[in-house]
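In: let me see the structure of the following:
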Amino acid sequence: MAIQWFPGHMHLTRQAIAERIKEIDVVIELLDARLPGSSANPMLADLTAGRPALKVLNKQDLADPVRTGHWLAHYNAQPATRAIGLDATASAPAQRLIKACHELAPTRGNLVKPMRVLICGIPNVGKSTLINTMTSKRAAKTGDEAGITKAEQRIVLADGFYLYDTPGMLWPRIIVAKSGYNLAASGAVGRNAFDDEEVALELLDYLKHHYAAPVEVRFRLEAIAAMKDEEILDAIGRKRGALLGKGKVNLQKAAEIAIHEFRSGNLGRITLETPEEFALWLAAGKVLDAERQVKKDAIELDRAIRFKKIPRPDRRGGD
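Out: All right, here's what the predicted structure looks like:
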């Protein structure tokens with residue numbers, strides 16, 4: 001199942017960013033340190049092209065520190081880009097962001113030439129929590145559901161430093177299937193857009209190959225690498241008492257438990273992708289997307305011919 005979620009207010013956010021970017025000096029994109037590639041919005045990259053970028057790997061306290069280091073190196077190697085790791089609840093994060101922005105735009109940041117920064121990211125990545133921490137007040141609404149912020153707001157972070165906050169935004173079509181599952185597992189996608197059991201099975205499949213030990217400890221299981229994904233989910237349900245009549249497991253409840261344990265960090269510090277893995281997923285996704293577009297174009301052409309909007313091609317030979 002392809003996971004897609006693009007509510008109406010995200011269209012408005014796209015338009016607002018396209019208009020605001022004309023006067024922006026630096027773009028801060030908040031990424032989920034547990035899935036940096038999947039949480040990087042390709043539509044934002046197009047909208048903000050040509051502007052210095054600060055990639056903030058948020059929730060790094062929940063992510064694998066070794067893999068976080070690899071992702072920071074990956075982004076810091078890109079032109080006009082800085083990357084830092086951050087925990088949105090940490091004290092005094094504002095100075096780190098202000099310093100990094102000044103490094104990217106050294107001529108801005110005073111009363112004559114104020115620094116104008118756009119901060120954006122996917123839903124539920126912790127942007128509002130970070131802003132509230134930086135301003136020491138509830139400047140932005142927070143919550144554990146995707147899509148809390150609905151309108152742009154300007155925040156004076158320091159003298160000559162203006163921060164423009166935007167609602168969390170996904171992109172209209174997620175072409176990397178694995179990214180869709182990772183985004184759903186992280187809470188970036190609204191619950192009505194995915195099936196908990198399917199997402200939990202994808203999550204467990206990755207964890208059993210890369211983080212088997214913490215899963216075994218948390219759920220009191222053994223040798224999960226040799227188990228099928230469905231068997232692991234069933235075992236989790238039994239261990240946690242998610243049972244229906246006659247000893248049958250409530251797989252929906254078991255899936256919710258597995259996803260919650262990941263989101264809350266109870267399974268330990270986990271990152272669901274490496275730069276190399278994501279590059280392979282993206283390349284494969286682009287190939288499938290190109291094939292899908294060819295089929296779509298063929299269907300549209302056939303429809304146009306059938307409804308006589310265009311003449312049927314003449315396939316007869318001749319000089």
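
In: count of neighbours near M227?
Out: 17 (other Cβ atoms under 10 Å). Just so you know, the C-beta spots here come from the backbone N, C-alpha and C atoms, and that holds for glycine as well.

In: would you check how far apart it and I270 are?
Out: Per Cβ to Cβ, to the nearest Å, M227 is found 18 Å from I270.

In: wait, is T107 part of a strand?
Out: No. Counting by DSSP: H, G, I helix; E, B strand; the rest coil, one finds T107 to be coil, located in no strand.

In: now do the contacts for it.
Out: With contact set as Cβ atoms under 8 Å, 6 or more residues apart in numbering, T107 has these partners: K113.

In: once you drop chain neighbours, what's closest to the residue nearest the centre of the chain?
Out: With distances taken as Cα atoms, centre = their mean, S39 lies nearest the centre of the chain, 2.2 Å away. Excluding its sequence neighbours, the residue lying closest to S39 (Cβ to Cβ, 6 or more residues apart in numbering) is D32, at 4.2 Å.

In: what's opposite that neighbour in the beta bridge?
Out: N58 (DSSP bridges).

In: hang on, isn't it packed against P123?
Out: No. Between D32 and P123 there is no contact, the gap being 10.5 Å when judged by Cβ atoms under 8 Å.

In: between these two, what contacts are shared?
Out: Common contacts of D32 and P123 (Cβ under 8 Å, 6+ apart): A188.

In: the more surrounded of these two?
Out: More crowded of D32 and P123, by other Cβ under 10 Å: D32, with 28 against 24.

In: OK, contacts around the more buried one?
Out: Per Cβ under 8 Å, 6+ apart, neighbours of D32: S38, S39, L57, N58, K59, I122, V125, G126, S186, A188.

In: which neighbouring elements make contact with the top helix by length along the chain?
Out: Looking across the chain with DSSP state H, the single longest helix is helix 275-306. Here helix 275-306 touches helix 65-76, helix 177-186, going by 3 or more Cβ pairs under 8 Å, 6 or more residues apart in numbering; DSSP states H and E.

In: just these: most buried one?
Out: helix 177-186 (a mean of 24; mean count of other Cβ atoms under 10 Å).

In: what's the next secondary structure element after it?
Out: helix 196-210 (DSSP states H and E).

In: any idea how far the residue nearest to L201 when sequence neighbours are not counted is from V199?
Out: Closest residue in space to L201, ignoring its immediate chain neighbours: D229 at 4.5 Å, by Cβ to Cβ, 6+ apart. From D229 across to V199, the span is 11 Å (Cβ to Cβ).

In: these two: who's more crowded?
Out: V199 (24 against 17).

In: next up, the contacts around the more buried one.
Out: I3, Y181, A184, A185, A255, I259.

In: which helices and strands does the host helix or strand of K99 pack with?
Out: Assigned by DSSP H and E, K99 falls within helix 94-104. Applying 3+ Cβ pairs under 8 Å, 6+ apart, we find helix 94-104 packed against strand 26-32, strand 53-58, strand 81-85, strand 115-121, helix 127-135, strand 153-158.

In: repeat the analysis, applying 10 Å as the threshold.
Out: With contacts taken as 3 or more Cβ pairs under 10 Å, 6 or more residues apart in numbering; DSSP states H and E, helix 94-104 sits against strand 26-32, strand 53-58, strand 81-85, strand 115-121, helix 127-135, strand 153-158, strand 161-165.

In: just for this protein, where's the confidence low?
Out: 1-11, 88-89, 91, 136-152, 171-172, 308-319 (pLDDT under 70).

In: let's see that with 80 instead.
Out: 1-16, 18-19, 88-94, 134-152, 167-173, 191-193, 297, 300-319 (pLDDT under 80).

In: the residue nearest to R108 when sequence neighbours are not counted and V156: what is the separation?
Out: Of all residues not flanking R108 in the chain, M115 sits nearest, at 4.3 Å (Cβ to Cβ, 6+ apart). Distance, M115 to V156, by Cβ to Cβ: 11 Å.

In: who's more crowded, these two?
Out: Legend: neighbour count by other Cβ under 10 Å for M115 and V156, higher for M115 (23 against 12).
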